[in-house]
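**Student:** how does the following fold in three dimensions:
(one chain, ligands or ions: 1)
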Amino acid sequence: MKKDTGQNREITSGWRLQTQLVRGGTWRSEIGETSEAMFMTSGYAYDCAEDAAARFAGDQQGYTYSRLRNPTAAMFEDRMALIEGAEVARATATGMAAVTAAMLSLVSAGDHVVASRALFGSCRYVIESLMPKFGVDFTLVDGADHAAWKAAFRPDTVAVFLETPANPTLDVVDIEFVSTLARENNAVVVVDNVFATPVLQKPLAMGADVVVYSATKHIDGQGRCLGGCILTSQALLDEKILPFLRNTGPNISPFNAWVMLKGLETLDLRVNRMCDNAARVADALADMGGFDFVKYPGREDFAQHDLVKKQMSRGGSILAVHVPGGREQAFKFLNALEIIDISNNIGDAKSLMTHPASTTHASVAEAVRLELGITEGLLRLSVGLEHPDDLIEDLQKAAHMAAITG
Ligand SMILES: *Cc1c(COP(=O)(O)O)cnc(C)c1O
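**Tutor:** Next up, the predicted model:
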């Protein structure tokens, strides 16, 4: 039945990524709509009381309540699982809901977790503040230091959390190395794959157990909705994550799930064009001179370029530059931009630049910021879909006005 083809993993798993992104997980109602239907409903009615009882008993297929599952959210989840190569996915209201739900489902009081220290500010909060609140101990390591990873595992380590490339310093962690180590230590690996997107990096294929996304970023990609996703195996979902999700309710709304589904249709196009643009912009910034450094994972001069080549198909859409004149010069540069917005989001069609030390990482202790390399001269640029020459001219003009000269 063609109306259900998108739901048939035997068929859809043979499709190429671009086809999966447009058609995976799709299911049509009796109306035959071409665009996925938005089921804006909290509950479901049953033909008879016996049906209601059977559905709650799990003897009859179907929906019971949108906190447990919703057809539009399910289409988004099924498409995400397909493109990630995961058995299952569950969508959440935000990326942080995905991170928090995944981590809290895996731990109990008395357990220990290991995480890379270069993390999105709120992810650091989950590891450093939330875990200890519930009696879970943690160790943070320099993600590039293999000896530190080895030394961090203990008999009570149950989970590993890492982000690669990391926000905003773009530090890269070897997913295969950490996953192998974790397996030897019976710990589950959770990878925040936001910066790489499912188009550029596949952590599950490298041995990770769980992948989390902020769908707010490239998956929506147009700055409209918040959303998140957890991808994993059926066993881990059923045993650990689903009971937490079903009873605590961090679900995505059907409307946001629908926006994300439509976003996925163009994800490959957008991410690849953003990579083209980011590479052009990074080279132009490096050629301009005057910056202490230009960091872009796709450039040959990126410190971990070999690792990037091993685990990412392209360099991504985000780069970092460092101005010599600290916060004052960084602000001058930002304020002189005419096209690129001053904004702390990433993965948007619009190019966005932010000063992490005063925004996304302002709540992180100064000593920690410095340890992570988030200094006052650091600026993060998320490259969008504008013409790269317009972006380069905007950056050149702003650099001139901020007296950043090579
Ligand atoms: C944005 C982001 C998150 C959080 O996602 P929200 O949708 O804002 O909750 C988590 N990790 C990384 C790397 C991010 O960039």
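**Student:** what about residue 316, which SS state?
**Tutor:** coil (DSSP: H, G, I helix; E, B strand; the rest coil).
**Student:** tell me the spacing between it and residue 122.
**Tutor:** Distance, residue 316 to residue 122, using CB to CB, to the nearest Å: 20 Å. Just so you know, the C-beta spots here come from the backbone N, C-alpha and C atoms, and that holds for glycine as well.
**Student:** okay, these two: which has more neighbours?
**Tutor:** Neighbour comparison, residue 316 and residue 122: the larger count goes to residue 316, with 29 against 16 (by other CB atoms under 10 Å).
**Student:** that one against residue 200, yeah?
**Tutor:** Yes: under the criterion of CB atoms under 8 Å, residue 316 lies in contact with residue 200, with a separation of 6.2 Å.
**Student:** could you chop this structure up by domain?
**Tutor:** Using automatic domain parsing, the domain parsing of the chain gives 2-264, 267-401.
**Student:** quick one, which of these is nearest to the ligand?
**Tutor:** domain 2-264 (2.3 Å; CB to the nearest ligand atom).
**Student:** how long is the closest one end to end?
**Tutor:** End-to-end distance for domain 2-264: 21 Å, by CA to CA, to the nearest Å.
**Student:** how about the nearest residue to residue 229, chain neighbours excluded?
**Tutor:** residue 213 (4.6 Å; CB to CB, 6 or more residues apart in numbering).
**Student:** so that neighbour sits against residue 228, correct?
**Tutor:** Yes: Residue 213 is within contact range of residue 228, at 6.0 Å (criterion: CB under 8 Å).
**Student:** overlap in contacts of these two?
**Tutor:** Jointly contacting residue 213 and residue 228 under the rule CB atoms under 8 Å, 6 or more residues apart in numbering are 95, 98.
**Student:** the residue nearest to residue 229 - how many residues pack around it?
**Tutor:** By other CB under 10 Å, 28 other residues sit near residue 213.
**Student:** one more: residue 243?
**Tutor:** Residue 243, neighbours per other CB under 10 Å, totals 12.
**Student:** same question, residue 2
**Tutor:** 7.
**Student:** also residue 247?
**Tutor:** Going by other CB under 10 Å, the residues that sit close to residue 247 add up to 9.
**Student:** okay, it: pLDDT?
**Tutor:** pLDDT, residue 247: 97.
**Student:** which strand or helix spans it?
**Tutor:** helix 242-248 (DSSP states H and E).
**Student:** interface residues of this protein facing the ligand?
**Tutor:** For the chain, the contact set with the ligand under CB under 6 Å from any ligand atom comprises 94-96, 99, 120, 123, 163, 167, 192, 194-195, 214, 216-217, 226, 228, 346.
**Student:** mind redoing it with 5 Å?
**Tutor:** 94-96, 120, 167, 192, 194, 214, 216 (CB under 5 Å from any ligand atom).
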